[in-house]
Structure formats: C-alpha cells, structure tokens
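take a look and give me a structure for this.
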Amino acid sequence: MLLPNILLTGQLYDGYDEEYDCPILDEDRVVDELENQMSEGGVIVDYHGCDFFPERWFHIVFVLQADNSVLYKRLETRGYNEKKLKDNIQCEIFQVLYEEALASYKEEIVHQLPSNKPEDLEDNINQILKWIEQWVKDHSS
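Numbers count the residues shown, from 1 in each chain. Next up is the predicted model:
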C-alpha cells in the first residue's frame, strides 16, 4: 500500500504547506482510514515516517537509508526547493527516521536497508521476501 496515493485520493490531508510544497497529512484520519485493512494483516505500508502508526500494526519496520550525495541528487531531480532539500538531507544525516522508528517500535523489529543504487532495490526486496517467508513459517500452525 503506497500511503501517498491513499492520502491524495482519499483526501486524508488537512491543508497545504506552501514552504515544503506538499499536502499536510491528517494523521488521525489516516489511521482511521487504514484501521480495517491493517487489522486484516498482510499489508505493506510505504511512507516516510512512522511515529503516528500504532505499534500493533507492524511485525517489522524497514528504514531505507541513502548516502547524502545520492539522496541530494534524487531530491534535486524531483525538483525539491532548497529548504525541503536541506531539511531532508539533515534528516538523513541525523538518522531522524531511524531514530523515530526505534522510539515507536520494539528495537528488534526495526531494520535499516541501503538505498543507494539500483542493485540495492533488488537486494532489499529479496531480504524482505526472506523475512516474510520466515515469519510465515514461524507463525503457521
């Protein structure tokens, strides 16, 4: 489930941030909207933050990380303004999203994966698939 798509199509935002040139997320509405799907299980959520998602929703959390030079080029290519670019790079330098995940969930379910080159994508998918297979084995009775 790609959360940005649900946010926009479901109008789960509360205004627009001119400075960052993006919608402002209504976190309570997002949680309400996703509750039924998440309780059924088998859902993957793709989003750049996690501190408002209930801990009960996840068995594992992956935080993608990129070298600053790689990330800078990606965000610049996307047309991010200077402030948004700078803030995102600082967020990566200080591992804000990783720290947020560690503060929100049990440490043993939070994992970092590299996201620097195209090969990392395939490696990450394989790593996630291995985890899913093992989780299914461990929880089937």
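
where does residue 22 land on pLDDT?
Looking at residue 22, its pLDDT reads 88.

wait, it touches residue 48, no?
No. Counting by Cβ atoms under 8 Å, residue 22 does not reach residue 48; the two are 10.7 Å apart. Yep, even glycine has a C-beta here, placed from its N, CA and C like the rest.

can you tell me which helix in the protein is longest?
helix 118-139 (DSSP state H).

buried sites along that helix?
Within helix 118-139, the residues that count as buried by 16 or more other Cβ atoms under 10 Å are residue 120.

which residues sit against it?
Residues outside helix 118-139 that contact it (Cβ atoms under 8 Å, 6 or more residues apart in numbering): 59, 60, 62, 64, 113, 114, 115.

what about 7 Å?
Under the contact criterion Cβ atoms under 7 Å, 6 or more residues apart in numbering, helix 118-139 has outside partners 59, 60, 62, 113, 114.

can you redo these as TSV with pLDDT, distance to residue 26 and neighbour count?
Listed next are the contacts of helix 118-139 as TSV, based on pLDDT from 0 to 100; distance: Cβ to Cβ, whole Å; neighbours: other Cβ atoms under 10 Å:
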residue	pLDDT	distance to residue 26	neighbour count
59	94	26	12
60	94	26	14
62	96	25	19
113	98	29	15
114	98	32	15
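
I'd like the distance between the residue nearest to the spatial centre of the chain and residue 63.
Nearest residue to the geometric centre of the chain (Cα atoms, centre = their mean): residue 47, 3.1 Å. Computed as Cβ to Cβ, to the nearest Å, the residue 47 to residue 63 distance reads 11 Å.

quick revisit: and the longest helix of the chain, how far out from the chain's middle?
Here helix 118-139 is found 16 Å from its chain centre; the criterion is Cα atoms, centre = their mean, to the nearest Å.

and that helix, average pLDDT?
So the average pLDDT for helix 118-139 ends up being 95.

just give me the neighbour total for residue 65.
16 (other Cβ atoms under 10 Å).

wouldn't it be in contact with residue 116 here?
No. In this structure, residue 65 is not within contact of residue 116 by Cβ atoms under 7 Å, at 8.5 Å.

common neighbours of those two, please.
Between them, residue 65 and residue 116 share no contacting residue, judged by Cβ under 7 Å, 6+ apart.
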